[in-house]
Structure formats: structure tokens, C-alpha cells
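>>> sequence below, structure please.
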Amino acid sequence: MMGGNSCPFQNDYYFYAMRKIIGVASGGFSSEREISKMSGQVVFDTLLESPYECYQIDIASKQWTVKDVAGNNYPLEKGNFGFTLEGKEKQFDCIVNMIHGAPGENGQFAGYLEMLNIPHTSCPSAVAALTYNKRDCLAVASAMGIPTAKRFTLNQGEVISPDIIVNKVGLPCFVKANRAGSSFGVYKVFEKEELLPAIEKAFEEDHQLLIESALEGREITVGVLEWENEVHVLPITEIISENDFFDYQAKYEGKSKEITPAQLPLDWEESTKHMAKQLYTKMGLSGISRSEFIFQDGVPHLLEINTIPGMTLQSIIPQQAKAAGIPLLKLLVGVIEASLSKKA
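Residues are numbered from 1 along each chain as shown. Prediction:
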């Protein structure tokens, strides 16, 4: 199940970790399940050349299963997060959390692993719950002095006044499901008459909504990670979408142009990297995160923080790692080792 004699770490300091058992968890219960499976597959395939004994874990609503490199499936015991292989009980040393959406990105899965004292590559459960909630995350960021767009909050069942909303955030504006990712439940509204239909659609994804003024400017995203005992900011990516915004098609169906590293004025680059690192350290993030900003009048405004960014072949973090000269395999091993060191 490991890279055997082809393992690139045979003469590396990582070799001591050879027998660590690593699970790559993907799937979940949300609209992002299939994207999560794609991310998990890329991570698993990459880690097959690592020093670890690797397994895929599918977290589904009815059953949790483990799959080995040969494609054999084993039931996963929810009580201890272990499984039986050839009559022997297997326990994971670390979990690579690639579950986008619930329960991986909202802190539920992390909380479960923390209860079992199993290291994982995502941020602590309480931090994940905060960042997954767009409204709370932006409120905390604003209190830190990070610029954000004007916003209005709305819960299902509350009286909806398009006039009050437009007076607060203006037009165009974005209607967003408060707790969702991959641009699910996000709609750009240009006219007041479009507001109620957009709200109704967004409520299909979440009963809490965030309505924001649409900032017009250059959009960028910044990867940050804890690696080799330091917090690193990866090269910035500029996103130029063919659509009205960086929606699902732009992210996963090639309807955008992504430039890494972004060609930005030096002061723009420095201020954004400083903000991204500040968010990572002060909010208590860990593993890999990706913060999205839009420049308005030369000032980066935070849109959201993604604590389990995609790792598909189209995803941004692998692009940024490549631009930084970091092979994806070595980046993943570094993140896993950082997670393991916290238990030691």
C-alpha cells in the first residue's frame, strides 16, 4: 500500500514515519459530497508515494467505510474510528480531512476526532464552526480590523423587506446561504425585483442567509498553512471569472482564468498576505486554509475563509504550491507531520 522501493522519502527525514496509518476522509452529507470525493481521491493518490500506510474513508449519511489501495471495502466502527483488516484491529494515527461542507468543514467531524484523541489536518472544531458560519466569521474579522462588505442577515421565517435590504447593502448585491461552500446557494442580484426569488432559492441550501453589497474589483485568494514549524503564505492567485462571479462553473468547469502568482502591486500583495496570515494565527486556524478577498480602491476586503480548500486537479491550493516550488506530496506530508506533532 505504500510506495515500496519507489518511495521518494527513503533517504529523507520523513522515513521514520513509515508505519503511520493515515486515513483520507471525504464525502459528507452536503451538496459538496461529490467535489469532496474528487479532492479526497487526488490526496489519496498523491499519498500513495508517501511513507505512510494509507486508506480512503467515505463518510456517508448511512454508513462509514474504509477502502484500501486494492479497492477492498471494510466497515468503519464509529465507536473508536477503527476497522478490522485480516483479523487485526487497525487504528488511524492521523486523518486528512477532505470533507467539504458538513460534517467536515463545520467542525462536527473534527469534534468527533478530537473526542477520540485522533489527530487531524483540519482546524480545531470550534474554529471550524466559526469560519463555516459566514456571518460570524466576517463579524470576528471586522472586529480585527479586516475590511469587509456591507452586510445584512436574514433567517427563514423573518419578515423580508426588499427596500430595507437594498437601502442597507445597495445593488447589485449577493444573496448567500450562510453555511455552505463551493458557491452553492449564492446568487447575484442586480434589480430589487430579483431579490425575493434569490432569497427563496438560497433558503433551499440553508435557513440562515447573508446578503452583501457586491464589491467590484480584482478578486484574489490566498492559501496559508502550517508547514515545517512555520506559518507559510502561499503565492496569491487572481481569479478572473467568465461569469458574474466565482461560482460553481467558474470553480470546477473551467469558466474562469486563474493566475498564479497574481501580478499585483507590491503594496497590495504585502497587505493581503499580512491579512491572511493575521486571520490564520489570530483565529486559531491550522492545516491548510484559503482566504478570499476583493480589492476595492486598492484595499483588500475579506469575502470568506475556506478551512478545507479543494484539492481536485482544478483546485487552487495545488496551483499555489506548485508556484511556490513545493511538490504536492511534500506539502501534504508536511501538513500531516504538523498534525501528528501536536499529539506528541
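>>> how does the protein divide into domains?
By the assignment in automatic domain parsing, the chain contains the domains 4-122, 151-213, 216-307.
>>> so which of these is nearest M144?
domain 216-307 (6.1 Å; Cβ to Cβ). Every residue, glycine included, has its C-beta placed from N, CA and C.
>>> the closest one - what's its average pLDDT?
The average of the pLDDT scores along domain 216-307 is 88.
>>> picking that back up, got CSV for the domains of the chain, with distance to L138 too?
Listed next are the domains of the chain as CSV, based on distance: least, Cβ to Cβ, whole Å:
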stretch, distance to L138
domain 4-122, 16
domain 151-213, 7
domain 216-307, 7
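>>> distance to D136 and mean neighbour count added to those, as TSV?
TSV is the format used below for these (distance: least, Cβ to Cβ, whole Å; neighbours: other Cβ atoms under 10 Å):
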stretch	distance to D136	mean neighbour count
domain 4-122	12	19
domain 151-213	9	17
domain 216-307	11	18
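>>> nearest to C137, of the ones you listed?
That would be domain 216-307 among the domains of the chain, by Cβ to Cβ, at 5.9 Å.
>>> ok now the closest one, how far from the chain's centre?
Offset of domain 216-307 from its chain centre (Cα atoms, centre = their mean, to the nearest Å): 12 Å.
>>> and it, end to end?
25 Å (Cα to Cα, to the nearest Å).
>>> and if you look at stretch 111-120?
For stretch 111-120, the end-to-end distance is 10 Å (Cα to Cα).
>>> I'd like the next helix or strand past the worst-scoring helix or strand of the chain on mean pLDDT.
Ranking every helix and strand in the chain by mean pLDDT, DSSP states H and E puts helix 248-252 at the bottom, with a mean of 48. Toward the C-terminal end, the helix or strand that comes next after helix 248-252 (DSSP states H and E) is strand 256-259.
>>> so for I317, which of the domains of the chain sits nearest?
That would be, of the domains of the chain and by Cβ to Cβ, domain 216-307, which comes in at 5.0 Å.
>>> pretty sure G284 contacts C123?
Yes. Taking contacts as Cβ atoms under 8 Å, G284 lies within contact range of C123: 6.9 Å.
>>> out of the domains of the chain, nearest to L331?
Of all these, domain 216-307 sits nearest to L331, with 6.8 Å by Cβ to Cβ.
>>> returning to what we had before: of all the domains of the chain, which lies closest to G325?
domain 216-307 (9.6 Å).
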